[in-house]
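Trainee: Sharing a model that was predicted from the sequence below.
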Amino acid sequence: MLTKIGRRPTKQELVDLLLECHARIRAFTALALRLGELSAAPEDEVRDAASRIADYFERALPLHARDEEDSLLPRLRGLDPELDDELAEMCEEHQEHQPVVADLIALANALRDEPQRHAELAQALREVASKLREHFDTHLAREEERIFPALAAHLDPAAQASVVAELRARRAK
């Protein structure tokens, strides 16, 4: 499965870009889970998969959280009390998953550096990836069902284009 970090999205719509980010979160979480479920794998494949997992969760996932907290939250906060509750929950969940993401990164880095330890670390990787998948299944679905529709409802095309520019600028650094 080829999943690239930093691939330039072709779509210009804000929600489409955010959904692409969510698809990558799901894909890299699934890759981590598959790597943990393998009973045996060639060291070069373990190294490659672990490197991609670590790179994604170290670099790209924090950018997505910043997209939501720095670009979406300020524009949506205060528009609707129920939406405010969802935004607060989103931020709280971002904090909650940080320790699990840190564990995943540590395991992926260990496998990148010492792929021969795959058999030793596979169960821990599987457990961490499974826990993260459970969290993301709920978290991403909530955002897609409750927060993303608010973008179209409350932000005009110019405001959405401004957010898209912010998202792209974050990745250009």
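Mentor: All right, it came through fine. This structure is a prediction, so every number in the text was calculated from the model and none was measured. Numbers count the residues shown, from 1 in each chain.
Trainee: just checking, what's the longest helix in this structure?
Mentor: Criterion DSSP state H: the longest helix present in the chain is helix 81-113.
Trainee: residues touching E13, list them.
Mentor: E13 makes contact with 160, 164, according to C-beta atoms under 8 Å, 6 or more residues apart in numbering. Every residue, glycine included, has its C-beta placed from N, CA and C.
Trainee: can you start the count at 299 instead of 1 from here on
Mentor: Fine by me, first position is 299 from now on; the one you just mentioned is E311.
Trainee: which intervals of the protein have sub-threshold pLDDT?
Mentor: Along the chain, the parts satisfying pLDDT under 70 run over 299-310.
Trainee: The spatially most central residue of the chain and D383: what is the separation?
Mentor: Nearest to the mean C-alpha position of the chain, by C-alpha atoms, centre = their mean, lies I323 at 3.7 Å. Using C-beta to C-beta, to the nearest Å, we find I323 at a distance of 22 Å from D383.
Trainee: Surely L453 and V461 touch.
Mentor: Yes: contact status for L453 versus V461: in contact at 7.2 Å, counting by C-beta atoms under 8 Å.
Trainee: what residues do those two have in common as contacts?
Mentor: With C-beta under 8 Å, 6+ apart as the test, L453 and V461 both reach 312, 373.
Trainee: picking that back up, quick one: what helix or strand has the closest residue to the residue nearest to the centre of the chain other than its chain neighbours in it?
Mentor: Leaving aside its chain neighbours, I323 sits nearest to F434 (5.8 Å; criterion: C-beta to C-beta, 6 or more residues apart in numbering). For F434, the element it lies in under DSSP states H and E is helix 416-440.
Trainee: now the angle between helix 379-411 and that helix, please.
Mentor: Interaxial angle, helix 416-440 versus helix 379-411 (axes from the mean of the first three to the mean of the last three C-alpha atoms, to 10 degrees): 160 degrees.
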